[in-house]
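> here's a sequence, model it:
(3 chains)
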Amino acid sequence: AKEEEEKDWKEYIYNVFIIINGCTVLFMQCGFALLEAGAVRSKNVTNILLKNFLDLLIGIVIYWAFGFAFAYGKVKVKDDFGNYTGYSKANRFLGHKHFFLMDEEDFGTELLEGYPERVIHMGSFYGEFFYNFVFAATATTITSGALAERCKMSAYFIYGIILTGFLQPVTVHWTWSNGFLLYPQQYLDLPPEVYFRDYAGGVNVHAVGGLAGLVGCIFMGPRLGRFDTTRKYHIPGHSTPLTGLGAFILMTGFLGMVLGHGQNIELSATNIVLGGATSGLTAMMIKWIKPRLAGHSRHKQYWSFLILVDSTLCGMVALCGGCNIVPPYGAAVIGVLASLAFLGIEHLMIKFHIDDPLGSFATHFGGGVVGCLMTPFFMVKEHAGLDGIFFWEGCDKDFAKGLPGWEDGACLYSPFYQLAWHIVGLLCIFVWTIVLSVIVFGLLWRFGQLRVNSDLEIRGIDIKLHGEPAYPNAAYGHGWDNEGDF
Amino acid sequence: AKEEEEKDWKEYIYNVFIIINGCTVLFMQCGFALLEAGAVRSKNVTNILLKNFLDLLIGIVIYWAFGFAFAYGKVKVKDDFGNYTGYSKANRFLGHKHFFLMDEEDFGTELLEGYPERVIHMGSFYGEFFYNFVFAATATTITSGALAERCKMSAYFIYGIILTGFLQPVTVHWTWSNGFLLYPQQYLDLPPEVYFRDYAGGVNVHAVGGLAGLVGCIFMGPRLGRFDTTRKYHIPGHSTPLTGLGAFILMTGFLGMVLGHGQNIELSATNIVLGGATSGLTAMMIKWIKPRLAGHSRHKQYWSFLILVDSTLCGMVALCGGCNIVPPYGAAVIGVLASLAFLGIEHLMIKFHIDDPLGSFATHFGGGVVGCLMTPFFMVKEHAGLDGIFFWEGCDKDFAKGLPGWEDGACLYSPFYQLAWHIVGLLCIFVWTIVLSVIVFGLLWRFGQLRVNSDLEIRGIDIKLHGEPAYPNAAYGHGWDNEGDF
Amino acid sequence: AKEEEEKDWKEYIYNVFIIINGCTVLFMQCGFALLEAGAVRSKNVTNILLKNFLDLLIGIVIYWAFGFAFAYGKVKVKDDFGNYTGYSKANRFLGHKHFFLMDEEDFGTELLEGYPERVIHMGSFYGEFFYNFVFAATATTITSGALAERCKMSAYFIYGIILTGFLQPVTVHWTWSNGFLLYPQQYLDLPPEVYFRDYAGGVNVHAVGGLAGLVGCIFMGPRLGRFDTTRKYHIPGHSTPLTGLGAFILMTGFLGMVLGHGQNIELSATNIVLGGATSGLTAMMIKWIKPRLAGHSRHKQYWSFLILVDSTLCGMVALCGGCNIVPPYGAAVIGVLASLAFLGIEHLMIKFHIDDPLGSFATHFGGGVVGCLMTPFFMVKEHAGLDGIFFWEGCDKDFAKGLPGWEDGACLYSPFYQLAWHIVGLLCIFVWTIVLSVIVFGLLWRFGQLRVNSDLEIRGIDIKLHGEPAYPNAAYGHGWDNEGDF
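Residues are numbered from 1 along each chain as shown, chains lettered A, B, ... in the order given. Next comes the predicted model:
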């Protein structure tokens, strides 16, 4: 009884921590909303705010109805005597229980023999729901950034529902719940420490959201006036303070994103801010030095705030993958690499005339992929159970011999297998995301439901569609002959 | 000693959790401030910000001086030998101890035999103070929203002090501390599970604040230019992003509002966001579909961001009452009903030419009352100790017979008594709030201290009263011939 | 094993709490950024946002590389047999270990016999890093506020790095880690309860940051147009809502600042908000009443929002020093005194034509010093182990006789020694801060790297230096013939 009580108490604490961090992640929706609102023109501000607010609401309802079931819904298997013996294998691809959060009593973290627990949030049923729906909503929000200033409301509803309710939850199932990416050694001769490690959603949230955004962007085409055949035109956002505020909120929110997962929380917190910092500083320095090297005139050497912000976020995304298992200097290096990826992708986007107003693809996809690929290099045994490639000194052959299926010394290359498995996992998730996104956005495009007409785009969406300009002229001005004394 | 230590440790944890959630609720003041700032015209922005900031400061000081004493101040009773035997019955209406947070050592949660603990925050003396003053300040802020753009500073000070220091704390005493609404079975033949359940302040914070706002609104009259005899004119707020930011902050803050109370935190968190989501989505759909049904021209079918925001908040208010004891689908339904209440009340307000610029009454009163009335339908025994009307299968008569005073089978109708008691409680709180509000606002009105003169209202309050326009012309502009290259 | 496990569990909880509060303090950077952005003219908004964002990033990297080592790096001493016996005395002035967060395994909170633990965060290695870098970044941000609208980027980088990486961490070493201000009784005949008490950084963060800002301000000179020989001109900030938002965020953030230190958290939370409230209300009342007393015309009696905000923050700063050991009414009085200090310093700043656009010096230095000097008056034995001057009833002579070195009854005046030691500590920290600041800012000034040229200052920094105006004209406007129907 005493022990039972203690266990309950610990579960209470874990859930407290998960819920608090869930609230922080929920508040990231505010960060995204403002980041995006600041980055669009004043005529589309209400539209982008409404979409971000709706993201969250739709996310809640859809994740309650379907998403949680697809992500975490395991089916228990009974033996002949009616006793539960574990979970059905059928759910390696997709969960299919707990629709509408039903059957709470069947939820558990115990797993079939031979299915070791991979990702432990230690959350209860509702705790897991709460902490996970905010991640799904985040993915959708990332996508919405890429489609800003020209997406139809109907398109928005449809892809929002599919992304939050199905596309992203399935990738969560693969990588966090019970999916095939977590147990490669059941199919392949791999060391048991090798599995897809995406600690805080660098891939299943950020890369997925960014990639869906890219597909949407391509179908939708650039905003009117962004490119002509020979050159690009800058379309500035209407408010730096809103963007800055959004960025600060997101920076704080990223901490909720990594802390709620509950492993090595102090190290994780340190790494994620450190990776963000080196990424941001690297990008700003490059942007400042490059024109000088290229011999451009002096006035082009800008200290760009927006580059700083996006690149910092990209670095934090990159650390979402392995911030719990890499040492701080590894985090610093991963941040620098994320920065390069960010700038490279942004460069390519412009070159190929793809118009992603928020840089969602470069930030979230770039960061997520860099993090996923670099973690196998930098992870350390103390935290990961397996040293990364940079620290690898071979395995204990005696130990290896005792393990089923790989007495031949496969473990000599464990972290390389880890890297390979991450590449396999990324490819699976890319294919899944691209295929579904192409279907959804392709159909929307085919039936003319994707993009607002050009008249609405040029004049602005807020007044016509929402009846609420962001800054109505009627609300400004005063009747005094002066404003103070100077 | 070991056990003592463990108890201390648990108390420490509970207080940590209460304080963290208290901070989140404190941050709601920021949310209200921005929601309101965005919803007024630019000429009154500093005024509304100052008021919201003052709400908090006055709230702290007044709650320290008086409010906490009225809400939680119990008086211990000694027996003939000088031993404490419990708490005086005298305090069923009103607390009267701990003024200026004195006599900490007399504070305790133990209660007289037969006075079961109803609302357990498990907080310490200062923990309870901290968590409760923010609720009182919230009530005052809700009221201030209804009086925006035309209320005098003196009026503001006076009603702020009375509302935070007396009116609201007394209702807290009734419903959370030691008041008559918590122990009906001491006066009436009611089952012991029946008492006024207002888990997170849907009634004693939101409905009270909203109702006081309505009374203030009526005495004050609509803003100039809002209505003429035949029609209404829309007075738009000056900044959608500020309103949106405020709404996001409030959404997060609501979680602090329910979590700090500490029961079923995961379920509570899930329910409050779910209720908010269904409420917001319902209202937006209705607003979009209604003109179409009514045959209005197409351009009237707006996706309104402000309706979405207010209605979502209304749904969250509605779940404040019982989010800890209803199942998620109950929360979803309560959200839908809250949305209908919100729209209905807003419609009536306009019909009767009552001008509540923020929709405070509809949002907070509407939501609070819907939540209070619906909880007895949807609550479940697992969490509430009593099944709600929709799940009611009658009670165990054998069990009932053993209870004093109701061997006759009264328990056969327990949840109906629960509903009846909620109605009784609502009426008591309404009468109390209306009477005091009418006295306060009536006197202010009688002596001309309620409303600024019309010249000041037309020209705007900021410059004359505060010397600080929100956006001074002198602070804008730059000296460069262009703003970048496009 | 059981006990070990329990200890680990408690450490986990402490770190959870530290990290959560660290996140709140990190979010204060957002508060400062917006407070400052709102208080400058629109032409310098991007600049101030970028600086605040960089503060944080540089803070992370520099604190990782150097700052943490200077603040907390102790060197263990081995005996002849190779066993660790404690920490080197050499580090009374300066830490010198854990550069780049290396040698985690040597980190510990155990101390040499006779070096009692003074400041217990109970955080782990990374936990302490995370919680402390945000304080260092805060100090730098405070300084940056004083230099707003005219500081060169190069100057900014240099003083930012020195302040975050060396100046402030050394004062942290003195007052929180292992420095000479914590163990006066090792050098002087003082009662053991007497040491420098700066609970939450009122001195080592706020006063240090404010004082460095003052030095910078003096070297830099006032903004163009702020003063001429005979009078001052008001330079209004461009957005009250941004300032208000920043202030609300900071208010919440201050709670993270005091809570993470982990002592008497409920009392601390209560005191810090109470001190802020009395300070804010006092200043506003004085500002409103003063012109009336002075016989000024009625229109000068402003309810100033900005004074209210700054003064509230000043009161909270003042409570950073001793909020864990003073009773609530002490906090209220300290708040009132902080308010007077704030107004007095602001008055002097203007008199001496020192232009501190944000009031950083008055707010943070004024508050920090008031708090440090008042704590020895108001502290109580129950929490501090020593009654303050106002509660002092002399010590137990029998107890005193048993203590080494002060059998003569020195303990009769313990709290007076406490006050004296605070004065000594303040002087040490002032000298350190002023000397280093004069060197840094003096050199920058000497080599013309401190201030932007006057053309850039007049036209505004954003467009030329960052290529990103805060509100680009190109991003405003729409194409509809009206904005709605009224």
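> alpha carbons only for contacts and neighbour counts from here, please
Noted.
> tally of neighbours for the residue of the stretch 301-450 of chain A found nearest chain B?
Nearest residue of the stretch 301-450 of chain A to chain B (Cα to the nearest Cα) works out as residue A:302 at 10.9 Å. When neighbours are counted by other Cα atoms under 10 Å in any protein chain shown, residue A:302 registers 20.
> any idea which element it lies in?
Residue A:302 belongs to no helix or strand when elements are defined using DSSP states H and E.
> now do the one 4 residues further on
When elements are defined using DSSP H and E, residue A:306 is found to belong to helix A:305-320.
> same deal with residue A:245?
Going by DSSP H and E, residue A:245 is part of helix A:240-259.
> run through who's touching stretch A:466-484.
A:42-47, A:462-463, B:40-43, B:235-241, B:302-305, B:458-460, B:463, B:467-469, B:472-473, C:483-484 (Cα atoms under 8 Å, 6 or more residues apart in numbering or on different chains).
> may I have the distance across that stretch, first residue to last?
Chord length of stretch A:466-484, first to last residue, is 36 Å (Cα to Cα, to the nearest Å).
> buried sites along it?
A:466-472, A:474-476, A:478, A:483-484 (16 or more other Cα atoms under 10 Å in any protein chain shown).
> what about it, distance to the chain center?
Mean-position distance between stretch A:466-484 and its chain equals 39 Å (Cα atoms, centre = their mean, to the nearest Å).
> next: stretch A:171-190.
Here stretch A:171-190 shows a centroid-to-chain-centroid distance of 19 Å under the convention Cα atoms, centre = their mean.
> beyond the helix holding residue A:245, next helix or strand please.
That would be, after helix A:240-259 and using DSSP H and E, helix A:265-293.
> how far does that following helix sit from its chain's centre?
Relative to the centre of its chain, helix A:265-293 is centred 19 Å away, using Cα atoms, centre = their mean.
> before we move on, what SS does the residue of chain A found nearest chain B have?
Nearest residue of chain A to chain B: residue A:479, at 4.0 Å (Cα to the nearest Cα). Three-state call for residue A:479 (DSSP: H, G, I helix; E, B strand; the rest coil): coil.
> now residue A:289: how far from residue A:304?
From residue A:289 to residue A:304 the distance is 12 Å (Cα to Cα).
> give me the more crowded residue out of the two.
Neighbours were tallied for residue A:289 and for residue A:304 using other Cα under 10 Å; the higher tally belongs to residue A:304 (21 against 15).
> quick one: the helices in the stretch 301-450 of chain A?
A:305-320, A:328-351, A:360, A:367-378, A:381-384, A:397-401, A:414-446 (DSSP state H, counting those that start in this stretch).
> out of the ones you listed, nearest to residue C:362?
Smallest distance to residue C:362 across these (Cα to Cα): 29.3 Å, for helix A:305-320.
> kindly export the closest one (C-alpha atoms) in CSV.
What follows is helix A:305-320, C-alpha atoms only, in CSV (Å, rounded to 0.1, in the frame of the first residue of the first chain):
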residue,chain,number,x,y,z
PHE,A,305,17.0,40.7,-37.1
LEU,A,306,14.7,38.4,-39.0
ILE,A,307,17.6,36.2,-40.1
LEU,A,308,18.8,36.1,-36.5
VAL,A,309,15.4,35.1,-35.3
ASP,A,310,14.7,32.4,-37.9
SER,A,311,18.1,30.9,-37.6
THR,A,312,18.0,30.8,-33.8
LEU,A,313,14.7,28.9,-34.1
CYS,A,314,16.3,26.6,-36.7
GLY,A,315,19.1,25.8,-34.2
MET,A,316,16.5,25.0,-31.5
VAL,A,317,14.6,22.7,-33.9
ALA,A,318,17.9,20.9,-34.7
LEU,A,319,18.4,20.2,-31.0
CYS,A,320,14.9,18.8,-30.6
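> tell me if I'm right that residue A:227 and residue A:351 touch.
No - look at residue A:227 against residue A:351 with Cα atoms under 8 Å: they stay out of range, at 10.2 Å.
> is it true that residue A:34 touches residue A:249?
No - Residue A:34 is beyond contact range of residue A:249, at 9.1 Å (criterion: Cα under 8 Å).
> ok so, going back, so among the contacts of stretch A:466-484, which ones count as buried?
By 16+ other Cα under 10 Å, the contacts of stretch A:466-484 give A:42-47, A:462-463, B:40-43, B:235-241, B:302-305, B:458-460, B:463, B:467-469, B:472, C:483-484 as buried.
> before we move on, back to that, which members of the buried residues of stretch A:466-484 occur in helices, if any?
Among those, no residue falls in helices (DSSP state H).
> looking at the stretch 351-486 of chain A, what residue ends up closest to chain C?
Scanning the stretch 351-486 of chain A for the residue nearest chain C gives residue A:459, at 4.0 Å (criterion: Cα to the nearest Cα).
> again, but for the stretch 1-150 of chain A
The stretch 1-150 of chain A approaches chain C most closely through residue A:41 (4.6 Å), counting by Cα to the nearest Cα.
> for the closest residue to residue A:205 other than its chain neighbours, list the residues it contacts.
In space, and not counting its chain neighbours, residue A:205 is closest to residue A:139: 5.0 Å by Cα to Cα, 6 or more residues apart in numbering or on different chains. Neighbour list for residue A:139: A:163, A:164, A:168, A:205, A:206, A:208, A:209, A:210 [criterion: Cα under 8 Å, 6+ apart].
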